[in-house]
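Student: Model the structure of this input:
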Amino acid sequence: MLWSCGSRGDVEPLVALAARLRALGAQALMCAPRDSAERLAELDVPLMPIERLPRDRANPATAGVHTQFDQAAAAAQDCDVVVASGLLSGAAAVRSVAERLGIPYFYVVWSPIHLPTALDPAQRQQFNEGADGLFGGVINDRRAALGLPPVRNVFDYALTDRPWMAADPVLAPLRPGVEAVQTGAWILPDERPLPADLAAFLAAGPPPVYVGFGSSGGAEDAARVAVEAARAQGCRVILSRGWYDLALPDDATDCFAVGEVNLQALFGRVAVAVHHDGTGTTHVASQAGAPQILVRQIVGQVYYSERLVELGAGAAVDGPAPTFDALSAALRTALAPRTRERAAAVAGRMRTDGAAVAARMLLDAVSREKPPVSV
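Tutor: Okay, here's the model as predicted:
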């Protein structure tokens, strides 16, 4: 069972893992929100829909935990191993159910910044106290109903002593003392051809600047400024409509809008990729050797933006709506020949087998009857 109650960025790596498990002859059940159904149907991966958390004005955390326990218990009955990501309360419920069933449980993160041992002790304890205060009581009530002992430090419990990290060692090297099982990024090769009209646009001029912000807040303002800054540098633009169905600013022929396309193929043909610093997008662009501009939206995204700058493979600006001057300066850096050289060097060092490595590890955990948590 693969569980995530998150966005497309949280679910997509698990889709890659599911595909690799199936290639090895194993069955994979995805537990994810209903909006993942179309993507999973493309790969013939079964979906057990999980509902997003109910709105309980008196105690939303409590209502959510009950829902998560019920959903996890229903999904995991015939499973041999479970993998969870994302929402802390949901992961605690999933691990509790796995513990009751006596099957292995693994938690996966997408960035070193989310690893418990990457936090200083005071910060880690603050996370544990916060989680215990929010939903520790209801988690232990539900555990008692399953015949399980109470737990303290729910943050540590959900993430385990040694989480898995689905991130490339080049982009996310582990510092000494930081504990994780690093598999490499979970990215499924995309063989889809680019649409004919997009291919024609690419062929009609120099490599354009890609602008896309997924489901990030402030996408409309950020995209508008990015298009203006790219045009000021004499660049053509490909604008990803994303969740907010962004529109081109005008009918000029130097801009082209796209929906869902093969970014692995597209990023190999752009001058720069300007995006929201999502882990998956950062990895795909890096594998393609594209210089990047990462627009930082939330605290957890700071890691990859700083790492790309450190590697010399791109630039970073603060979001959610960067200024024209900030994006213009970032574009000058990203368009420099040295930046493209460094981006190509990064691409040459990255591995592409992360999901396959993780799939083999999961099957090994089952066949060898390893302990029921990652330790």
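Student: Mind listing the residues bridging to P49?
Tutor: In this entry, P49 is beta-bridged to A32, by DSSP bridges.
Student: show me what contacts it?
Tutor: For P49, the residues meeting the contact criterion (CB atoms under 8 Å, 6 or more residues apart in numbering) are 31-34, 37. Where C-beta positions appear, they are placed from N, C-alpha and C, glycine not excepted.
Student: what's the closest of these to A219?
Tutor: P33 (19.9 Å; CB to CB).
Student: so the closest one touches L47, yeah?
Tutor: No - checked against CB atoms under 8 Å, the pair P33 and L47 is beyond contact range at 9.3 Å.
Student: hang on, V65 packs against N140?
Tutor: No - checked against CB under 8 Å, the pair V65 and N140 is beyond contact range at 10.2 Å.
Student: These two: which is more packed in?
Tutor: Of the pair V65 and N140, V65 is the one with more neighbours under other CB atoms under 10 Å, namely 24 against 18.
Student: contacting residues around the more buried one?
Tutor: Contacts were defined as CB under 8 Å, 6+ apart; by that measure V65 touches 89, 92-93, 135, 138-139, 142.
Student: Closest to P112 out of the residues you listed?
Tutor: With CB to CB as the yardstick, the closest approach to P112 among these comes from A92, at 21.6 Å.
Student: Before we go further, the closest one is sitting in a helix, right?
Tutor: Yes - for A92, which was evaluated using DSSP: H, G, I helix; E, B strand; the rest coil, the result is membership in a helix.
Student: For it, give its distance to G136.
Tutor: 9 Å (CB to CB, to the nearest Å).
Student: which residues do those two both contact?
Tutor: With contacts defined as CB under 8 Å, 6+ apart, the residues shared by A92 and G136 are 151, 154.
Student: who has more neighbours, those two?
Tutor: Between A92 and G136, A92 has the larger neighbour count (other CB under 10 Å), namely 28 against 24.
Student: Toward the C-terminus from the helix or strand hosting L308, list the very next helix or strand.
Tutor: Per DSSP states H and E, L308 falls inside helix 302-311. Next helix or strand after helix 302-311 toward the C-terminus (DSSP H and E): strand 314-318.
Student: so what strands line up beside that next one?
Tutor: Under the criterion DSSP bridges, the sheet neighbours of strand 314-318 are strand 292-296 (parallel).
Student: angle of the partner strand against helix 302-311?
Tutor: Angle of strand 292-296 versus helix 302-311, following axes from the mean of the first three to the mean of the last three CA atoms, to 10 degrees, is 150 degrees.
Student: Might you list the low-confidence residue ranges for the stretch 151-300 of the chain?
Tutor: Along the stretch 151-300 of the chain, segments meeting pLDDT under 70 span 215-218, 298-300.
Student: need the strands for it, in chain order.
Tutor: Residue ranges of the strands in the stretch 151-300 of the chain, as given by DSSP state E, counting those that start in this stretch, are 164-165, 181-182, 209-212, 237-240, 255-258, 272-275, 292-296.
Student: ok, now the stretch 1-150 of the chain?
Tutor: The residue ranges that make up the strands of the stretch 1-150 of the chain, judged by DSSP E, counting those that start in this stretch, are 2-4, 30-32, 47-49, 82-85, 105-109.
Student: Tabulate these in TSV, adding columns for distance to A265 and mean pLDDT.
Tutor: Shown next, in TSV, are the strands of the stretch 1-150 of the chain (distance: least, CB to CB, whole Å; pLDDT from 0 to 100):
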stretch	distance to A265	mean pLDDT
strand 2-4	26	94
strand 30-32	25	93
strand 47-49	26	91
strand 82-85	26	96
strand 105-109	26	97
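Student: Would you format those strands as a markdown table with distance to E99 included?
Tutor: Formatted as a markdown table, the entries for these read as follows, by distance: least, CB to CB, whole Å:
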| stretch | distance to E99 |
| --- | --- |
| strand 2-4 | 14 |
| strand 30-32 | 17 |
| strand 47-49 | 20 |
| strand 82-85 | 10 |
| strand 105-109 | 7 |
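Student: I'd like to know which of these lies nearest to D10.
Tutor: Nearest to D10, of those and by CB to CB, is strand 2-4 at 4.7 Å.
Student: Can you point out the buried residues in that closest one?
Tutor: 2-4 (16 or more other CB atoms under 10 Å).
Student: ok, now stretch 303-310?
Tutor: For stretch 303-310, using 16+ other CB under 10 Å, the buried residues are 303-305, 307-309.
Student: again with stretch 17-26
Tutor: When neighbours are counted by 16+ other CB under 10 Å, the buried residues of stretch 17-26 are found to be 17-21.
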